[in-house]
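Asks: no FASTA, just this:
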């Protein structure tokens, strides 16, 4: 745990051979047979946890990182919330780098409580996503944990969803858009004392949607030392080529996430006839190869 | 529960005689003697819950609403997360309007999971705070719950913290600032079909920090039909006069929150000699009177 977060993530990517991350978004209604239970029951949270655990074992040999999305765990109530931290712990034990997709944000004093819960705690992930609409003092408690515990954060800069531009394209008189300004803020925080790892990357990364390759290209220039967490591949419609815009020319600097297209592969026609684990493994490998190929190109 | 959220909140304010809300921010190290337990234990979450329950009984006769801050509950782990929902339920049983300060945000599909967990669930509060950096499609799942279950949302427009302006003052070529644009977005959502209550106020409210009275005045004009949730009074430094800028001339349209200055009143010199409940009651009454006076003025 004493190795810098960015160095740890880069080493894991090299070991597995592809800069990819599988999103753990458990939706009870999409789980394979055998993992169903009555909605709202403790059994439902237990079934979801069992599925997550088997899923982790399938993807751990293939990908360097996973990104549990806490919203789906919270939708299961308190037992789901507990399951999220159990999944984080299990994933780390399997050698995966874990990025908790929590998008927490608040004023300084309250952000401290979130940082303690989601980044500093014993069972917390290696990094979390943070929404910086409140400016630096809502982010700083997370940065303090990055320094003290060799953790990372990914600030929301350009999100992958269709309406991202509604707020993030707000443009100043000089032509700079809000998401670019957020990129500058991210870069500035990443340059602070103690934030840079041996490989030159910072512990302060950025969420940059693969669905916006033009924006990603500009952001790559604004934040040369930030790692990009790139959602939007697969079910959200972005291709491997779209994702490539988030990487440096040397093929480093980003990690691409896919959730639904991998974890629910058993529902996809191309994997018909496989059991769910075979389908997930095949989809994870295809995803990893697709991204590795596009980044090399 | 079939009455529109805004009408319900306005009726509660009139019944209690002051547009105020007490923030429930349980920090274990600031709780009175008798509510302390070893950090990180189940006993700690239980002690926090016991304190919250007694606190609710003290403030329920004085104020119309409470705002539990989920971050402090999450800092206690899964038992804390469970305690948050128990506190929400207890508060509603005591007749309080409950605003869950959760600041959730994500892309549409994931925001649905958050909306289900935090606004639609049986034990969910009457309203929640939402961060709209992702634009309308991250907010829409919450709006759907507002319509279906007569609930409310408060979008972060101008936050109370010192660095709020770092992002929220970003200005376009016409001189409009980001927080004003966010106010316009909030107003537009509030005008949608089925969002307006009998009294003319919308279920889509705005968080507007009392620490920024000039900005609040402008926002009052931009969002004439939105209820403002106004943090920043007390420990954060804003006065009752600063809060008054968030109200319409008829004295309606906002609810002012105070957390630390009320709930930890037993540590304040002016309440020395009282037990903690007497101190909280006195501080809640002084807060309610101070705001009622400033709004009338």
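Replies: That came in fine, so what should we check first? Bear in mind that the values here come from a model prediction, so they are computed numbers and not experimental data.
Asks: Only C-alpha atoms from now on, for both contacts and neighbour counts.
Replies: Fine.
Asks: For the helix or strand residue A:287 falls within, name the packing helices and strands.
Replies: Assigned by DSSP states H and E, residue A:287 belongs to helix A:276-296. Under the contact criterion of 3 or more Cα pairs under 8 Å, 6 or more residues apart in numbering or on different chains; DSSP states H and E, helix A:276-296 touches strand A:20-24, helix A:42-59, helix A:240-244, helix A:260-263.
Asks: and with 7 Å instead?
Replies: The contact analysis (3 or more Cα pairs under 7 Å, 6 or more residues apart in numbering or on different chains; DSSP states H and E) places helix A:276-296 against helix A:42-59, helix A:240-244, helix A:260-263.
Asks: Now do the buried residues in the first one.
Replies: Using 16 or more other Cα atoms under 10 Å in any protein chain shown as the test for burial, helix A:42-59 gives A:44-49, A:51-53, A:55-56, A:58-59.
Asks: near chain B too, which of those residues?
Replies: Applying Cα under 7 Å from any Cα of the partner chain to these, one finds that nothing falls near chain B.
Asks: Can you check the pLDDT for the residue nearest to residue A:107 when sequence neighbours are not counted?
Replies: Counting by Cα to Cα, 6 or more residues apart in numbering or on different chains, the nearest residue to residue A:107 once its immediate chain neighbours are dropped is residue A:138, at 4.9 Å. Per-residue pLDDT puts residue A:138 at 97.
Asks: For residue A:138, which three-state class applies?
Replies: Classification of residue A:138 using DSSP: H, G, I helix; E, B strand; the rest coil returns helix.
Asks: Quick check: residues of the stretch 151-297 of chain A near chain B?
Replies: Counting by Cα under 7 Å from any Cα, the stretch 151-297 of chain A comes close to chain B at A:159, A:161, A:163-164, A:166-167, A:170-173.
Asks: Nearest residue to the residue of chain A positioned farthest from its centre in space, please, no chain neighbours.
Replies: Here chain A reaches farthest from its C-alpha mean at residue A:173, the gap being 32.9 Å by Cα atoms, centre = their mean. Among residues not flanking residue A:173 along the chain, residue B:173 sits closest, at 4.0 Å (Cα to Cα, 6+ apart).
Asks: what about chain A, any weak spots by pLDDT?
Replies: Within chain A, the stretches with pLDDT under 70 are A:1.
Asks: where exactly do the helices run in the stretch 51-200 of chain A?
Replies: For the stretch 51-200 of chain A, the helices defined by DSSP state H, counting those that start in this stretch cover A:70-74, A:78-93, A:108-115, A:136-149, A:164-168, A:178-190.
Asks: Please convert the ones you listed to TSV, extending it with mean neighbour count.
Replies: Formatted as TSV, the helices of the stretch 51-200 of chain A follow (neighbours: other Cα atoms under 10 Å in any protein chain shown):
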stretch	mean neighbour count
helix A:70-74	25
helix A:78-93	21
helix A:108-115	22
helix A:136-149	21
helix A:164-168	20
helix A:178-190	21
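Asks: Neighbours of residue A:234, how many?
Replies: Neighbour count of residue A:234, defined by other Cα atoms under 10 Å in any protein chain shown: 17.
Asks: For residue B:95, see how far away it is.
Replies: 47 Å (Cα to Cα, to the nearest Å).
Asks: go on, residue A:269?
Replies: Distance of residue A:269 to residue B:95, given as Cα to Cα: 52 Å.
Asks: Which one's more surrounded, these two?
Replies: The neighbour comparison of residue A:269 against residue B:95 (other Cα under 10 Å) goes to residue B:95, with 13 against 8.
Asks: list the contacts for the more buried one?
Replies: If you count contacts by Cα atoms under 7 Å, 6 or more residues apart in numbering or on different chains, residue B:95 has none.
Asks: One more: residue A:135?
Replies: Residue A:135 touches B:163-164, B:166-167, counting by Cα under 7 Å, 6+ apart.
Asks: and chain A, which of the residues you listed contact it?
Replies: The subset of the contacts of residue A:135 within reach of chain A, counting by Cα under 7 Å from any Cα, consists of B:163-164, B:166-167.
Asks: Now the two most distant members of the residues of the stretch 151-297 of chain A next to chain B.
Replies: The span of those, defined through Cα to Cα, is set by A:161 and A:173 at 25.6 Å.
Asks: one step back: which one among the contacts of residue A:135 gets closest to residue A:276?
Replies: The shortest gap between residue A:276 and any of the contacts of residue A:135 belongs to residue B:167, at 44.6 Å (Cα to Cα).
Asks: ok, now which ones touch the residue nearest to residue A:107?
Replies: Contacts for residue A:138 (Cα under 7 Å, 6+ apart) come out as A:105-108, A:111, A:132.
Asks: Let's see that with 10 Å instead.
Replies: A:104-112, A:115, A:130-132, B:161-164 (Cα atoms under 10 Å, 6 or more residues apart in numbering or on different chains).
Asks: repeat for residue A:120
Replies: Taking Cα under 10 Å, 6+ apart as the test, what residue A:120 contacts is A:112-114, A:126-127, A:142, A:144-146, A:148-151.
Asks: Equivalent analysis for residue A:226, please.
Replies: Residues near residue A:226 by Cα under 10 Å, 6+ apart: A:6, A:154, A:183, A:186-187, A:190-191, A:196, A:200-207, A:219-220, A:253-254.
Asks: What subset of these is buried?
Replies: Applying 16+ other Cα under 10 Å to the contacts of residue A:226, the neighbour count classes A:6, A:154, A:183, A:186-187, A:190-191, A:196, A:201-207, A:219-220, A:253-254 as buried.
Asks: Return the subset of those residues lying in strands.
Replies: Using DSSP state E, the members of these that fall in strands are A:154, A:204-207, A:254.
Asks: tell me the two of these that are most distant?
Replies: Between any two of these, the greatest separation by Cα to Cα is 12.4 Å, found for A:204 and A:254.
Asks: overlap in contacts of these two?
Replies: By Cα under 10 Å, 6+ apart, residue A:204 and residue A:254 have these common neighbours: A:226-228.
Asks: got JSON lines for those residues, with secondary structure too?
Replies: Formatted as JSON lines, these follow (three-state DSSP):
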{"residue": "A:226", "secondary structure": "coil"}
{"residue": "A:227", "secondary structure": "coil"}
{"residue": "A:228", "secondary structure": "strand"}
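Asks: Name the nearest of those residues relative to residue B:91.
Replies: Among these, and counting by Cα to Cα, the member closest to residue B:91 is residue A:228, at 42.0 Å.
Asks: ok, now which ones touch the closest one?
Replies: By Cα under 10 Å, 6+ apart, the contact set of residue A:228 is A:154-155, A:157, A:204-209, A:216, A:219-220, A:246-247, A:252-256.
Asks: so what does the helix or strand harbouring residue A:10 touch, helix or strand wise?
Replies: Using DSSP H and E, the element containing residue A:10 is helix A:5-16. The elements that helix A:5-16 packs onto, with contact taken as 3 or more Cα pairs under 10 Å, 6 or more residues apart in numbering or on different chains; DSSP states H and E, are strand A:65-68, strand A:97-104, helix A:136-149, strand A:152-158, strand A:204-208, strand A:254-258.
Asks: hmm, try it at 8 Å
Replies: So helix A:5-16, by 3+ Cα pairs under 8 Å, 6+ apart, packs with strand A:97-104.
Asks: Next, the angle from the strand it packs on to strand A:20-24.
Replies: Orientation of strand A:97-104 against strand A:20-24 (axes from the mean of the first three to the mean of the last three Cα atoms, to 10 degrees) gives an angle of 50 degrees.
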